[in-house]
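K.L.:
Using only what follows, build the 3D model:
(chains A, B, C and D)
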There are 2 protein chains.
Amino acid sequence: MSEDPDPVVADLADSVFQVAGLLRAKFDATAAELGLPPAQAMALANLSAPAPMRELADWLRCDASNVTGIVDGLERRGLVRRQPNPEDRRVKHLVLTEEGERKRALLRQGSHADAVALFALPRKDLLKLRELLGRIAEAGLGAHAARTVRDSVPGA
Amino acid sequence: MSEDPDPVVADLADSVFQVAGLLRAKFDATAAELGLPPAQAMALANLSAPAPMRELADWLRCDASNVTGIVDGLERRGLVRRQPNPEDRRVKHLVLTEEGERKRALLRQGSHADAVALFALPRKDLLKLRELLGRIAEAGLGAHAARTVRDSVPGA
DNA sequence: CTCGATGGTTGAGGTGCTCAACTTGTCGGG
DNA sequence: CCCGACAAGTTGAGCACCTCAACCATCGAG
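P.N.:
Numbering: from 1, shown residues only, chains lettered A, B, ... in the order given. So this is what the prediction gives:
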């Protein structure tokens, strides 16, 4: 009935989970050192220029109501400010405070260091790896985008 | 003070997260189709021969008390049985029921199909990718194991 | 102006996880 | 034989994260 499973693909999937899991664990650890819960850290890491909350929700691929709580936390910690926007008074822009900038820098620094430590391969292999994984990620993302677009557009 | 970030490594980390995220999302989706919450599905997928609960906890890298709840769910759905072990009456072995075996097969089939669809590269590239990612996963896992061992051994 | 869509918030509800405490059971000395 | 250390599993408290439905304020087009 079903094809025999391809062991190469299976190994590949395992490795991807493994590596992503390791990176994620390290990220959470550095976040914890900075006194940040994972979700807030994740949000902070992807916050540079002032951006509306909606944008952050899209980036995190989660419900807008979820972002409210996360930002509440960041604001309580004094890392971020909600800045009402005069041009469209519905939106609030998220602006990093000094402390926010500082922690964000530490966070990114730390996670990048972890990545460097983990991806310990000859330069040539790294480049090859980036190319192959990049192709897959792009294709997968493209499929996802196409699907979401298709879902939201009634006609063709 | 800190080195310039290596864009190759940064891209690589992004891609890994991207790909893992896509695989995970697909897995959760197939799980949902089978009426299983993600954690129960994950547990079920890694359950073949009868094994003590502790083993599952180790595999999932989570607290034993957590496994109790997950197995409760699987048992409530009639997918798994807790089988007391006569040789060591503290442990309970987890045994799949018929239905459990069936759903597990479907689950693995589905997630493997997703992986095949995602890793759509020429065979040669797939092999190369497996080799490189495998090396990294292994090295990272080794470091993790070494660390946990070191942590649990007071001396040396 | 009216109406539909959009940004953001709130509240209810559910999952997944950890930690501390406890029960039951195993095992290795004194 | 009994005792103390340790392991498997469970329970309960508590937290983080997430979604959904309902809602308010606002925008923008007809």
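
K.L.:
Strands along chain A, start to end?
P.N.:
A:51-52, A:80-84, A:92-96 (DSSP state E).

K.L.:
near DNA strand D, which residues of chain A show up?
P.N.:
Counting by CB under 7 Å from any atom of the strand, the residues of chain A lying close to DNA strand D are A:37-40, A:60-63, A:65-66, A:69-70, A:73, A:87-90. Where you see a C-beta, it was placed from the backbone N, CA and C, and this is true even at glycine.

K.L.:
circling back to that earlier point, and the strands of chain A as CSV, adding distance to chain B?
P.N.:
Formatted as CSV, the strands of chain A follow (distance: least, CB to the nearest CB, whole Å):
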stretch, distance to chain B
strand A:51-52, 18
strand A:80-84, 23
strand A:92-96, 18
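
K.L.:
hang on, isn't residue A:112 packed against residue B:11?
P.N.:
No: using CB atoms under 8 Å, residue A:112 makes no contact with residue B:11, being 11.5 Å away.

K.L.:
So how do I select the buried members of the residues of chain A next to DNA strand D in ChimeraX?
P.N.:
ChimeraX command restricting the residues of chain A next to DNA strand D to the buried ones, with burial defined by 16 or more other CB atoms under 10 Å in any protein chain shown:
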select /A:39,40,70,73
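
K.L.:
Does the lengthiest helix in chain A reach DNA strand C?
P.N.:
Counting by DSSP state H, the longest helix found in chain A is helix A:123-152. No: Helix A:123-152 lies apart from DNA strand C when judged by CB under 7 Å from any atom of the strand; the minimum separation is 9.1 Å.

K.L.:
average pLDDT for that helix?
P.N.:
Averaged across helix A:123-152, the pLDDT comes to 82.

K.L.:
on that earlier part again, could you list which of the residues of chain A next to DNA strand D also contact DNA strand C?
P.N.:
On the criterion CB under 7 Å from any atom of the strand, A:65, A:69, A:88, A:90 are the entries of the residues of chain A next to DNA strand D that sit beside DNA strand C.

K.L.:
and which of those is nearest DNA strand C?
P.N.:
residue A:65 (2.8 Å; CB to the nearest atom of the strand).

K.L.:
What residue spans form the domains of chain A?
P.N.:
Domains of chain A are assigned by automatic domain parsing as A:7-120, A:121-156.

K.L.:
Excluding residues flanking it in the chain, which one is nearest residue A:103?
P.N.:
Distances taken as CB to CB, 6 or more residues apart in numbering or on different chains put residue A:34 closest to residue A:103, at 5.5 Å, once the chain neighbours are dropped.

K.L.:
count of residues packed around the one you found?
P.N.:
Using other CB atoms under 10 Å in any protein chain shown, residue A:34 has 17 other residues around it.

K.L.:
Do I have it right that it meets residue A:28?
P.N.:
No: between residue A:34 and residue A:28 there is no contact under CB under 8 Å: 10.8 Å.

K.L.:
What is the neighbour count of the closest residue to chain B within chain A?
P.N.:
Nearest residue of chain A to chain B: residue A:20, at 3.4 Å (CB to the nearest CB). Close neighbours of residue A:20, defined as other CB under 10 Å, add up to 21.

K.L.:
got it, and residue A:84?
P.N.:
The local packing of residue A:84 (other CB under 10 Å) involves 10 other residues.

K.L.:
so it touches residue A:92, yeah?
P.N.:
Yes: Residue A:84 is within contact range of residue A:92, at 5.7 Å (criterion: CB under 8 Å).

K.L.:
Hmm, residue A:141 is touching residue B:17, no?
P.N.:
No: judged on CB under 8 Å, residue A:141 makes no contact with residue B:17 at a distance of 11.5 Å.

K.L.:
ok so, going back, what residues do residue A:34 and residue A:28 have in common as contacts?
P.N.:
Residues touching both residue A:34 and residue A:28 by CB atoms under 8 Å, 6 or more residues apart in numbering or on different chains: residue A:41.

K.L.:
returning to what we had before: could you identify which of the domains of chain A is most buried?
P.N.:
Ranked by average neighbour count under the criterion mean count of other CB atoms under 10 Å in any protein chain shown, the domains of chain A are headed by domain A:7-120 at a mean of 17.

K.L.:
From start to finish, how long is that domain in a straight line?
P.N.:
End-to-end distance for domain A:7-120: 25 Å, by CA to CA, to the nearest Å.

K.L.:
And stretch A:56-75, by the same measure?
P.N.:
For stretch A:56-75, the separation between the terminal residues is 15 Å (CA to CA).

K.L.:
The ones next to DNA strand C among the residues of chain A next to DNA strand D into JSON lines, with extra columns for pLDDT?
P.N.:
Compiled in JSON lines, these are given as follows (pLDDT from 0 to 100):
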{"residue": "A:65", "pLDDT": "97"}
{"residue": "A:69", "pLDDT": "96"}
{"residue": "A:88", "pLDDT": "95"}
{"residue": "A:90", "pLDDT": "96"}
